[in-house]
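>>> Next input, structure requested:
(one chain, ligands or ions: 2)
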Amino acid sequence: MENHDLPLHLCHANNFSIIINKFHAFFHCIALAFLVYYRTSFLFQETRPAPIIPWLLVFASELLLSFIWFIGRAYHWNPVYRTVFPERLPDDDKLPAIDVFICTADPEKEPTFEVMNTVLSAMALDYPPEQLHVYLSDDGGSPKTLHGMREAYKFAKWWLPFCRSYGIKTRCPLIYFSAPEYQDGSNYVDSDQFMADKLKIKEKYDMFKECLKSSKEDGEYWGNKRDHPSIIEVIQDTSSETLQEDHTNLPLLVYVSREKRLSHSHHFKAGALNVLLRASGVISNSPYILGLDCDMYCVDPSSARQAMCFHLDRKISASLAYVQFPQKFHDVGEHDIYDGQLRSAYGMIWYGMDGLTGPVLSGTGYYLKRESLYGHFAQEGADLLELKNSFGSSNLFIKSIRQNIVDGGNLSSTVLQEAKVLASSAYESNTEWGEKVGICIYEHKDDNLTNCLSTKHDVISTCFLCQVGFLYQSVAEDFFTGFILHCKGWKSTYLTPSRPQFLGSSTTNLNDLLIQGIRWSSGLIEVGISRFCPLIYGSLRMSFLQSLCYGELALFPLFYCLPLWCFATVPQLCLLNGISLYPEVSSPFFMIFAFIFLSALLKHLQEVLSTGGSIETWRNEQRLWMIKSVTSHLYGSLDAIMKTLGLRQASFQPTNKVLDEEQAKIYRMGKLDFQTSPMFLVPMVFVIILNATCLVGGITRTVFVGNWDKMLVQILLPIYILIINHAIVEGIITRKDKGRVSPSVTRISTVFVNLLFLGSLLSTVFK
Ligand SMILES: O=c1ccn([C@@H]2O[C@H](COP(=O)(O)OP(=O)(O)O[C@H]3O[C@H](CO)[C@@H](O)[C@H](O)[C@H]3O)[C@@H](O)[C@H]2O)c(=O)[nH]1
Ligand SMILES: [Mn+2]
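Ligands and ions are numbered 1, 2, ... in the order given. Below is the predicted model:
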């Protein structure tokens, strides 16, 4: 029952942690100011005790780290937490329709059975079925997936009535049937009827699984990922089975495989989403969209109603673009050695941004307002020509922009034919789908430029309102699209109910983690070094603190990889050569360095503990910070720089979602799996060997020279690196299993370390 007096949601702040954060930031800032003073005054000394180059490298690294730390304080300014009251929503017939967009790209890396579980769980959301439309985009163009959809639809006819009549809380069949008996959240566990029905459903489920897993081997069945025509099929009921309930109670289910041709760039996931946006626009045209990755099960059915608590709140709905749920994962191990839960993002940063203008759009688990992707065109005023320039030539689609939802979906053959045209690879040519942020104004408003653009403000606002849909400029399309929405004045909210709404699969081996890390770093840095750099572009268009948050996210991979490479090598080489880079123990500045180091570590520890982590979590995150900085952050940043210079093409390798049993075993034991590409392993092993050698050499030298006082910091630094990364040391020396570091990698890394020693020796000889 709707109740106009009671709020649909509440927002709370944690004042205690806000005060701690501000205190810490204050003292840490003062210490950093002393550090800068100490380093700068060195530059003005007449006789310098150490060579200038390593000193400058270390100073530059300290400045970069301090800067990125400083702008990251914006997250801690005002973190908020939200509660919702879905029971206060209006009656079902007044709820707005939702189109669910699920993307899959590759049946080999994304097994069809799992993808269909996502589809089924989305169909089973607790929402009026006639108001729910589920679309699957298949970039693989694979008959296997289409076949899976038909089978999933058949199974849905059993699964949905079962879930509804027994109030099942876990609506993803795979998760439901793999959970221990009686833990399915149902109140009917003692009823015989329930047990009998459950048994029957389990039988149907096993048949469904069998049918999808026993795949035909011929290549055609798997499809051609890069070259195929567009196929749009509304999945229909073809079987003659009798059912408990009428199938009209099932949400509409549509298979969409856009046309892909080698001659056209298809813009990866963002391209797929834009096709879904258009095709669904002419079919169901729901005002809200739930975006899901193919592995993101809607385990709990209540997310749609929870999200509507924000979207239907009249006080905020006009400017609310999306409600974001956290990504949670069903396969994160007890030790979570790869930070699968992405603690800092979903456990901290998103809350912080929620207290400003809203969290980052996270690619999956968001309820987005369709209108927000149509720029200013959704409002009245634009003429037909302008609309066609922006959205392409389809009249039907253009009509949909201003039309309300089509009840239950328009499935006439004309509409489906048009949807196919909208999914063709040439449709976007010369339109504003996904790109041209800010430049289109000079193209088609040229004639009357002076008339309509009288002030500078007009230029900016008209410019950035041009582009439509999900954006193509970055492979982190979610991050960039959300950022531009915030730039346009839209807001977002973050909702983290105690029972997870969505569960995906995380990366459970080092290789997949780092490959994904390269893509994310590259996508972020692409934004960070472009003219959309949030620190400049964003600060003019959104709250200053929000632009700092976006700035930190868009730049951190670059700002971590350079300093961490420096701290992993320069002080160590200097230690070996007896060059001191830090104040001696007796100097008051020693205390400053000690304070900064401990304050950073302890603050990280406090954050981990207060967000439910343990000391082990803290160690894992420190280790990953180092590992990623010397590998994926570096490669991702280089990739982005090369793309920006036009030296490289963008690429999006979908993350592997197939579990390798042997690797899973290593993962569950909490051991790092070093069966990774040498491109990742060599830098890691290189750093470890370098640190160990320099430590031994440096200590020996210090024993002879007796300058402990001067060299202490440089002795402690490699010790800290080796302790945090002792798992790599073990991988090199003691481990015998498959996941150890292969001896050939150790040999290659040793050669590189020797080359570096030779280089540093020559540079001291010829100085
Ligand atoms: O050409 C492509 C490539 C990928 N995908 C789909 O995109 C989704 C995300 O891909 P995945 O390989 O799982 O990447 P992740 O790194 O795990 O995904 C995170 O990062 C992406 C941006 O890099 C976001 O799009 C995702 O939502 C976010 O979960 C999957 O469903 C894919 O099927 C496509 O539809 N077409
Ligand atoms: Mn994924």
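
>>> residue contacts, the residue of the stretch 301-450 of the chain found nearest ligand 2?
Ligand 2 sits closest to residue 364 of the stretch 301-450 of the chain, with a gap of 7.3 Å, by CB to the ion. For the C-beta atoms, the positions are set from N, CA and C on the backbone; glycine is no exception. Applying CB atoms under 8 Å, 6 or more residues apart in numbering, we find residue 364 in contact with 291, 292, 293, 296, 327, 478, 502, 504.

>>> Find the nearest non-adjacent residue to it, please.
residue 293 (4.2 Å; CB to CB, 6 or more residues apart in numbering).

>>> Can you give me the pLDDT of that neighbour?
Note for residue 293: predicted pLDDT of 98.

>>> Same check on residue 87?
For residue 87, the pLDDT comes out at 96.

>>> isn't there a helix covering it?
Yes: residue state for residue 87 (DSSP: H, G, I helix; E, B strand; the rest coil) corresponds to a helix.

>>> and the gap between it and ligand 2?
To ligand 2, residue 87 is 33 Å away according to CB to the ion, to the nearest Å.

>>> Run a quick neighbour tally on that residue.
11 (other CB atoms under 10 Å).

>>> Near residue 588, how many other residues are there?
Residues lying near residue 588 (other CB under 10 Å) number 9.

>>> wait, what's in contact with it?
Under the contact definition (CB under 8 Å, 6+ apart), no residues are listed for residue 588.

>>> show me where the stretch 551-700 of the chain has helices.
For the stretch 551-700 of the chain, applying DSSP state H, counting those that start in this stretch gives helices covering 588-610, 615-630, 632-644, 661-668, 678-705.

>>> tell me the mean pLDDT for the fourth one?
Averaged across helix 661-668, the pLDDT comes to 93.

>>> Equivalent analysis for the third one, please.
For helix 632-644, mean pLDDT is 97.

>>> list the buried ones in it?
Within helix 632-644, the residues that qualify as buried are 632, 633, 634, 635, 636, 637, 638, 639, 640, 641, 643, counting by 16 or more other CB atoms under 10 Å.

>>> Give me the subset of these that also touch ligand 2.
Here nothing survives when the buried residues of helix 632-644 are matched to ligand 2 using CB under 5 Å from the ion.

>>> of those residues, closest to residue 266?
Comparing the buried residues of helix 632-644 against residue 266 with CB to CB picks out residue 643 as the nearest, at 16.5 Å.

>>> how far away is the residue lying closest to residue 660 once chain neighbours are set aside from residue 707?
Distances taken as CB to CB, 6+ apart put residue 509 closest to residue 660, at 7.5 Å, once the chain neighbours are dropped. The gap separating residue 509 from residue 707 is 44 Å, by CB to CB, to the nearest Å.

>>> And residue 271, by the same measure?
61 Å.

>>> got it, and residue 286?
71 Å.

>>> Equivalent analysis for residue 122, please.
For residue 122 relative to residue 707 (CB to CB), the value is 66 Å.

>>> Which of these two has more residues huddled nearby?
Comparing residue 122 with residue 707 by neighbour count (other CB under 10 Å), the higher total belongs to residue 122, at 31 against 13.

>>> picking that back up, closest one of the buried residues of helix 632-644 to residue 515?
Among the buried residues of helix 632-644, residue 632 lies closest to residue 515 (CB to CB), at 7.7 Å.

>>> can you pull the pLDDT of whichever residue of the stretch 651-767 of the chain sits closest to ligand 2?
Going by CB to the ion, ligand 2 is nearest to residue 655 of the stretch 651-767 of the chain, at 4.8 Å. Listed pLDDT for residue 655 reads 91.

>>> which ones are touching it?
If you count contacts by CB under 8 Å, 6+ apart, residue 655 has them with 109, 507, 512, 515, 516.

>>> And the first one, what's its pLDDT?
This means residue 109. In the predicted model, residue 109 carries a pLDDT score of 93.

>>> coming back round to it: between the helices of the stretch 551-700 of the chain, which gets nearest to residue 147?
helix 661-668 (26.1 Å).

>>> So which elements touch the closest one?
Helix 661-668 makes packing contacts with no helix or strand when contacts are defined by 3 or more CB pairs under 8 Å, 6 or more residues apart in numbering; DSSP states H and E.

>>> Now it: buried residues?
663, 666, 667.

>>> go on, stretch 357-377?
For stretch 357-377, the neighbour count (16+ other CB under 10 Å) marks 357-375, 377 as buried.

>>> close to ligand 1, is that stretch?
Yes: using CB under 6 Å from any ligand atom, stretch 357-377 comes into contact with ligand 1 via 363, 364.

>>> Fine, thanks again, bye for now.
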